[in-house]
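Trainee: generate a structure from the sequence data that follows.
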Amino acid sequence: MNTIPVVKTAWGVDPAHSEIHFKVKYMMISTITGAFNEFEGGMVSEEEDFQRASIVFSAEVNSIDTNNEQRDEHLKSDDFFGAAQYQKLSFQSKSFTKKSTGDYRLIGDLTIRDQTKEIELDVKYNGTAVDFYGQVKAGFELSGKINRKDFGLKWNTIIESGGLMVSEMVRLAINIQLVKK
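Mentor: The predicted model follows:
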């Protein structure tokens, strides 16, 4: 009996065309946007529509950038990420399922400060194209929310109006371009 061989396609993150952003409320009146500037990751897929793909990702905590050096240093401190001890955050997918044309749900384990929690992200597939160098690329936008306290990022203070200085909820806004290997 002949069986059809399974063909796995490997994809790597193109860091020059990808962004890892987060947004958090500050003093409950404004939103601070930050990024991780050094990251890597990839996807292995057996299906053309990426259904059931396996995805891995990691970011260097010391590459955090909120456009304010003093705030970045505080975020790297033990009050938040503890970058001296916990140098990377990482993600490993558990499932990647198609909801509708171009829309997916990604579930996986996010690890920050050695705290691992399952998270769910919405994914928008923007298409596949061939670039000027003949490389096949695929674009995705990911969004979701996490509670930073779940990962040991607990620092906060109460402000004069009675609210918290920094929201516990963090919104994720990730744009990823993958290149076929």
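Trainee: from here on, contacts and neighbour counts on C-alpha atoms
Mentor: OK.
Trainee: is G42 bridged to anything, and to what?
Mentor: In this structure, G42 bridges to G12, V56 when assessed by DSSP bridges.
Trainee: tell me which residues touch it, please.
Mentor: If you count contacts by Cα atoms under 8 Å, 6 or more residues apart in numbering, G42 has them with 10-13, 55-57, 178.
Trainee: biggest separation within these, which pair?
Mentor: By the measure Cα to Cα, A10 and F57 form the most distant pair in the contacts of G42, at 13.7 Å.
Trainee: what about A35, neighbour count?
Mentor: For A35, the count of nearby residues is 20 (other Cα atoms under 10 Å).
Trainee: off-centre distance for stretch 81-100?
Mentor: Offset of stretch 81-100 from its chain centre (Cα atoms, centre = their mean, to the nearest Å): 6 Å.
Trainee: in that stretch, what's buried?
Mentor: Within stretch 81-100, the residues that count as buried by 16 or more other Cα atoms under 10 Å are 81-83, 86-98.
Trainee: so what touches that stretch?
Mentor: Outside stretch 81-100, the residues that touch it by Cα under 8 Å, 6+ apart are 50-62, 75-77, 104-114, 152-153.
Trainee: now stretch 162-171
Mentor: Contacts for stretch 162-171 (Cα under 8 Å, 6+ apart): 22-28, 143-149, 156-159.
Trainee: can you turn the buried part of these into a PyMOL selection?
Mentor: Buried residues among these (16+ other Cα under 10 Å), as a PyMOL selection:
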select buried, resi 22+23+24+25+27+143+144+145+146+148
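Trainee: that older thread, among the buried residues of stretch 81-100, which are in strands?
Mentor: 88-98 (DSSP state E).
Trainee: and the helices in this protein?
Mentor: 69-76 (DSSP state H).
Trainee: can you list the low-confidence ranges for it?
Mentor: Within the chain, the stretches with pLDDT under 70 are 1-6.
Trainee: and the strands in it?
Mentor: Under DSSP E, the chain gives strands at 9-13, 19-26, 30-36, 39-45, 54-60, 64-65, 88-100, 103-112, 115-130, 136-147, 166-180.
Trainee: of all the contacts of G42, which comes closest to I32?
Mentor: For the contacts of G42, the nearest to I32 is F57 (23.3 Å; Cα to Cα).
Trainee: hmm, P15 and that closest one touching each other?
Mentor: No - counting by Cα atoms under 8 Å, F57 sits too far from P15 to count as a contact (11.7 Å).
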